[in-house]
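Student: need a structure here:
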Amino acid sequence: MCGRFTLMATWEEVVAYMSLLEVEPFPPRYNIAPTQPILLVMADEPREPGSNLPDRKAVLVRWGLIPAWAKDPKSLPLLINARSETAAERNTFKAAMRHRRALVPASGFFEWKKVGNRKQPFFLRPKGGGLVAFAGLMETYLDPNGSEIDTGAILTTNASPDIADIHDRMPVVVKPEDFSRWLDCRSNEPKDVADILQPPEQGMFEAIAISDLVNKVANTGPEILRPAALQDSPAKPTKPDTKPTEGAQLSLL
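Tutor: Sure, this is the predicted structure:
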């Protein structure tokens, strides 16, 4: 699964990597948690013939998809992930898989591995750093009082063999050459992009053991990425904080 991730790139780097026209400037985010706003990239309206402007747009959504048909979102589990193998058939995700596929720019993600009597957090990032794009889904929910809530989830797949000992699942990574095909919901049905939903090649990610600071959502600075071996003294083991952070405004600031 993917329950926490980072976006440390500058907005200019995101614009360049995702071929966007523009993105509102935002600071680095080191500990993005469920129900917080996340940046999604989606297909925009087609440009005029001959235009060289990007046909992708950036939107902010709540991380935790709410199906359009939901009557009481509080009765549903927090849908931050969708299994790529079944998303096209599940009633919860199939409409988004057909009509609202997205990309989630990220600098890496976190997983926890049981080591002895504690869970050791790891930061999994592209080898050498840089940006990746996770496969995502977007859904707009109309609540009973008439307000619209844009929501999203990250698609997951089997972990690549070199990191499977940390966790058996990981986000689907979409290669830049597949961005347009994945986002094109007009021409491509889910079956046409199923080949994209595969584990990344072995060696694409490196796993770095980090401190327990990442376990608390309130810790949002770069110190959470400090390698565990560089800690002055081991912190008392704590469980990852998975409490929703409802009420967060849709702002990356």
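
Student: Low-confidence ranges, the stretch 1-150 of the chain, go.
Tutor: 47-54 (pLDDT under 70).

Student: So which residues of it form strands?
Tutor: 5-7, 29-32, 37-43, 56-63, 81-83, 101-106, 108-115, 118-126, 132-142, 148-158 (DSSP state E, counting those that start in this stretch).

Student: just the ones you listed: most buried one?
Tutor: Burial of these is given as mean neighbour count (mean count of other Cβ atoms under 10 Å); strand 101-106 ranks first at a mean of 26. Backbone N, C-alpha and C define where each C-beta goes, glycine included.

Student: picking up where we left off before, compare the strands of the stretch 1-150 of the chain and give me the one nearest Thr220.
Tutor: Thr220 lies closest, by Cβ to Cβ, to one member of the strands of the stretch 1-150 of the chain: strand 29-32, at 5.0 Å.

Student: Could you list the residues in contact with the closest one?
Tutor: 4-8, 38, 63, 214, 217, 219-222, 224-225, 252 (Cβ atoms under 8 Å, 6 or more residues apart in numbering).

Student: Dump the strands of the stretch 1-150 of the chain into CSV; add distance to Trp69 as well.
Tutor: Shown next, in CSV, are the strands of the stretch 1-150 of the chain (distance: least, Cβ to Cβ, whole Å):
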stretch, distance to Trp69
strand 5-7, 28
strand 29-32, 27
strand 37-43, 21
strand 56-63, 17
strand 81-83, 16
strand 101-106, 19
strand 108-115, 29
strand 118-126, 34
strand 132-142, 9
strand 148-158, 13
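
Student: and of those strands, who's closest to Ser187?
Tutor: strand 37-43 (10.2 Å).

Student: Report all helices and strands that the closest one contacts.
Tutor: strand 56-63, strand 101-106, strand 132-142, helix 179-183 (3 or more Cβ pairs under 8 Å, 6 or more residues apart in numbering; DSSP states H and E).

Student: cutoff 10 Å now
Tutor: On a contact count with 3 or more Cβ pairs under 10 Å, 6 or more residues apart in numbering; DSSP states H and E, strand 37-43 meets strand 5-7, helix 11-18, strand 29-32, strand 56-63, strand 101-106, strand 132-142, strand 148-158, helix 179-183.

Student: In contact with the closest residue to Phe93 other than its chain neighbours, which residues are there?
Tutor: The shortest distance from Phe93 to any non-neighbouring residue, by Cβ to Cβ, 6 or more residues apart in numbering, is to Ala87 (4.2 Å). Counting by Cβ atoms under 10 Å, 6 or more residues apart in numbering, Ala87 touches 81, 93-94, 96-97, 101, 135, 137, 153, 155-156, 172, 190, 197.

Student: wouldn't Trp11 be in contact with Val23 here?
Tutor: Yes. The pair Trp11 and Val23 qualifies as a contact (Cβ atoms under 10 Å) at a distance of 4.9 Å.

Student: hmm, back to that, quick one: which of the strands of the stretch 1-150 of the chain is nearest Ala16?
Tutor: Across the strands of the stretch 1-150 of the chain, closest to Ala16 is strand 101-106 (Cβ to Cβ), at 10.9 Å.

Student: My read is that Phe110 contacts Val217, right?
Tutor: No. When contacts are counted by Cβ under 10 Å, Phe110 is not listed as touching Val217 (11.5 Å).

Student: Noted, bye for now.
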